[in-house]
Each structure stands twice: as C-alpha cells, then as structure tokens.
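Colleague: next comes the sequence, and after it the predicted model I'd like to discuss.
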Amino acid sequence: MRRVVITGVGCITPLGKNVENTWDALTRGVCAIDMISSIPTEGLPVKVAAEVRDFKPEEYGIDKAMIRHNDRYALFALAAAAEAMRDSGLEAGRDVAPDRFGCAIGSGTGGIQTFCKEHSAILKGGPRYVSPLFIPEMIANIASGNVAITYHAEGPNLPVVTACATGTHSVGEAYRMIREGRADAMITGGAESAICEIAIAGFANSKALSTCDDPQAASLPFDARRKGFVMGEGSGILILEDYELARRRGAKIYAEVCGYGNTCDAHHYTAPRPDGKCATAAMKLALSEAGYTAAEKLYINAHGTGTPLNDKSETIAVKQALGEEQARKAVISSTKSMHGHMLGATGAVELIISAMTLKNGVVPPTIHLDEPDPECDLDYTPHTARDYKADVAISNSFGFGGQNACVALRRM
C-alpha cells in the first residue's frame, strides 16, 4: 500500500473564488450567507442562501465554447481544477503517464439548473425547444469527464454521487485508487450549483432547510436554535499523488491522506440514524487506517449541518468513535456556519479546509454558536478561530440515503 499526499488545492466558494480568499474569510469568521439574488424568491419558503457572486469562468482560462456548453456546477469544477492543477504543478505526460492519471469529481444533483431551464423550454414550446446539449450538460459525471479532457487524465474516472457525502467519498475513492496502485495521481473533489427554484422548494418542503430570513441567524450548527441547513454552492478540487512521485518532483505537500471510512446507516432515506452507530464506524475506520493514537491532537471538520437531527447524532458518533474523554479533547468546527451546505461539493471543500488547518496550525470557527445545545456538548470552536497544531484531521460527511464518509489527513 502506497502513501498518498495532497499536492494541489483549488476551490470556488461563497467565501472566495480561490483557496487563499476562502481561507482568509474562514479564519476571520466571515459569514457568506445572504438574501438570494440569483433567482426570484417570491412564493419560496426560503429566502437566504450562500451564493457564489460575480463568478466569471473566463478568468480561469475556460474558453467560450466550454462556458456555453456547461452547466454552472461543471464550470465551478473546471475553475477549481484550474487552480488546483496550477498549485500542484503536475502535468500529464511530463510528471505522470496519462493512463496513470485519473479523475474522481462528483456532484449531488448534477446539472439541475440546466434541467430547470430545459423543462421550462419544453413546457413553453414543445420537444423541439429542448437543447441538443441538454443531456451532456445535465448529467452528474460531465464535470469529471470535462476536467479529465482538459488535463489529459486517461486513467480511472469515477464520478461519485452520494448526496451530501459526495465530495468526501470522491476523495476517499481517489485515495484508494492511488494507495492500491491503480493510479499515480488523481484530480478529485466535488461541485454543486443547486440554488434554483425547484431545488430550494424540494429541500424546503422536506423540512431540511432553515426558513430563517436573517442571514446571520440561519445556519446555526450545534446551537439550540438551529432549524435546518442553508444551501450553498461551489466546488472543491484536490490533487492527490503517490508520495514517492510527489517527492521526486519536489512538489509542495499540504497533508497526507491516510484513512477513509465508508458506511451506510441503512435506516431512513433522509434522517440520520439516531444512535450514530454507522457514522461512528466510518470515523473508526478512517482513524484506524490513519494510525491515530490518543496521544495525538485531533481536529474534526464536522458535517455540522445545523439540522436538529444531524448535529445531535454526530455528537453521539464522535463520542462513540473516540470515547468520551478523547472526544472532549478534540477540537471541532462546522464551517457550514460560514459557507453554507454546498451539498456534493461541501465534503471536498471541507477537506481542503482540514488540510489548511493542519498546514497553518489554525482552526476556523463555528460562528453564531451563541446558545449551545446541551446535547451537543463538545468543543466546537465557537465564534473565533484558534491556534491549534493538530497532528491528525478528519472530515465527516453524511448524506441522504444514510451515506457516511470520513477521510483522515495527517500533518507532514
């Protein structure tokens, strides 16, 4: 089994259109949640979201034809991949054989904005009004395919779709590809752009979204006042490499990917398992594979959605995975309090945040945690960032369908 490291990162988030700006905003406790501006909200039960404002794909070297022929979610992925590839300095054909270079970029909803647009077209004018590009723009694997085309990644291509766990599962599966010798390098992560009328209405009607109209009080992970998550959008892309390849070419290394847990609650199609048993198992698998010991300092980027059921069951799972004493020593935060819940992209972005936490020795906060829930009684880093030199970080993601994913990173 080979060692796997992160050598490049890129992201498009509501907090910033690159990693540097996103990280700066996170450590300052900036809230990117605001009133929705991209769609009309009259009649919708939810008026707030964390949008990516003033996104210009041409600034990332994406050509006009690609911009015209891709859904917004795929453009986010292409832009984040451009930053990550520049950051890594990796080049197919020079540093890695194209057939040993793969791609694993997932999405929870795929091109749902394209779906909405073309549905309106068929209702208005009939079948002949539907674009011939409807299917390739809408499908959830097209971001992974187009990124692979752009960077000549001819190896394994595995777009994962596991709802809110998509980004974390994508990175975990890419890690396994390299660890097991099936690839030497992978472009991996997630992308999402689901701030549209039908998605907002659907999530709201399932009682998943916060209906609070105050942007500063809508996303409240682990707070007693929490009532649901806030929709976000964006993309997170990581470049994973075999450690020996990265070392030989003198690549910058953010962290080592050293553990992965993948389990299913097998309980309910939307609600998490109350006893946290299977989320616990995912964390234990990742930590065990990472070789984590109680003597090490641990940071946890929590799934922390701000829904009543998730935050309580995740707290239980952390205690069960670590034991009560160790759980109280762990430093935890939910960055969704600032960037919202980016669905299939969120796990990848949060793994980038976890890597930056290890590299920089700073834990971003859980903002607006003014009234802690007595049943969520761990150290969630309220209000302000904290200096903390963690040895190991894990990032949790849990999705509809009972999907549980946990990836562990180690400081190098």
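Modeller: Everything's here; your move.

Colleague: need the CA coordinates for the helix or strand residue 178 falls within. PDB is fine.
Modeller: Per DSSP states H and E: residue 178 is located in helix 166-179. In PDB, the C-alpha atoms belonging to helix 166-179 read as follows (Å, rounded to 0.1, in the frame of the first residue of the first chain):
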ATOM      1  CA  THR A 166     -20.200  13.100  -2.500                       C
ATOM      2  CA  GLY A 167     -17.100  15.200  -2.100                       C
ATOM      3  CA  THR A 168     -15.700  13.200   0.800                       C
ATOM      4  CA  HIS A 169     -16.400   9.900  -0.900                       C
ATOM      5  CA  SER A 170     -14.800  11.100  -4.100                       C
ATOM      6  CA  VAL A 171     -11.600  12.000  -2.300                       C
ATOM      7  CA  GLY A 172     -11.700   8.700  -0.400                       C
ATOM      8  CA  GLU A 173     -12.100   6.700  -3.500                       C
ATOM      9  CA  ALA A 174      -9.300   8.600  -5.300                       C
ATOM     10  CA  TYR A 175      -7.100   7.900  -2.300                       C
ATOM     11  CA  ARG A 176      -7.800   4.200  -2.600                       C
ATOM     12  CA  MET A 177      -7.000   4.300  -6.300                       C
ATOM     13  CA  ILE A 178      -3.500   5.600  -5.600                       C
ATOM     14  CA  ARG A 179      -3.000   3.600  -2.400                       C
END
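
Colleague: could you give the average pLDDT over it?
Modeller: Mean per-residue pLDDT for helix 166-179: 98.

Colleague: how is the chain divided into domains?
Modeller: 4-248, 258-410 (automatic domain parsing).

Colleague: thinking again about what came up before, who are the packing partners of the helix holding residue 178?
Modeller: Here helix 166-179 touches strand 4-12, strand 101-106, strand 185-192, strand 234-242, strand 255-264, helix 346-360, strand 392-399, strand 403-410, going by 3 or more CB pairs under 8 Å, 6 or more residues apart in numbering; DSSP states H and E. For glycine as for every other residue, the C-beta is placed from the backbone atoms N, C-alpha and C.

Colleague: would you map the helices across this structure?
Modeller: Secondary structure of the chain (DSSP state H): helices at 19-27, 64-68, 72-88, 112-125, 134-138, 142-151, 166-179, 197-205, 243-248, 277-290, 308-322, 324-329, 336-339, 346-360.

Colleague: could you dump these into a markdown table with mean neighbour count and distance to residue 231 added?
Modeller: Supplementary listing: these in a markdown table, determined by neighbours: other CB atoms under 10 Å; distance: least, CB to CB, whole Å:
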| stretch | mean neighbour count | distance to residue 231 |
| --- | --- | --- |
| helix 19-27 | 20 | 18 |
| helix 64-68 | 11 | 24 |
| helix 72-88 | 26 | 13 |
| helix 112-125 | 16 | 12 |
| helix 134-138 | 19 | 19 |
| helix 142-151 | 23 | 19 |
| helix 166-179 | 29 | 15 |
| helix 197-205 | 16 | 7 |
| helix 243-248 | 16 | 36 |
| helix 277-290 | 22 | 22 |
| helix 308-322 | 22 | 15 |
| helix 324-329 | 14 | 30 |
| helix 336-339 | 29 | 11 |
| helix 346-360 | 28 | 11 |
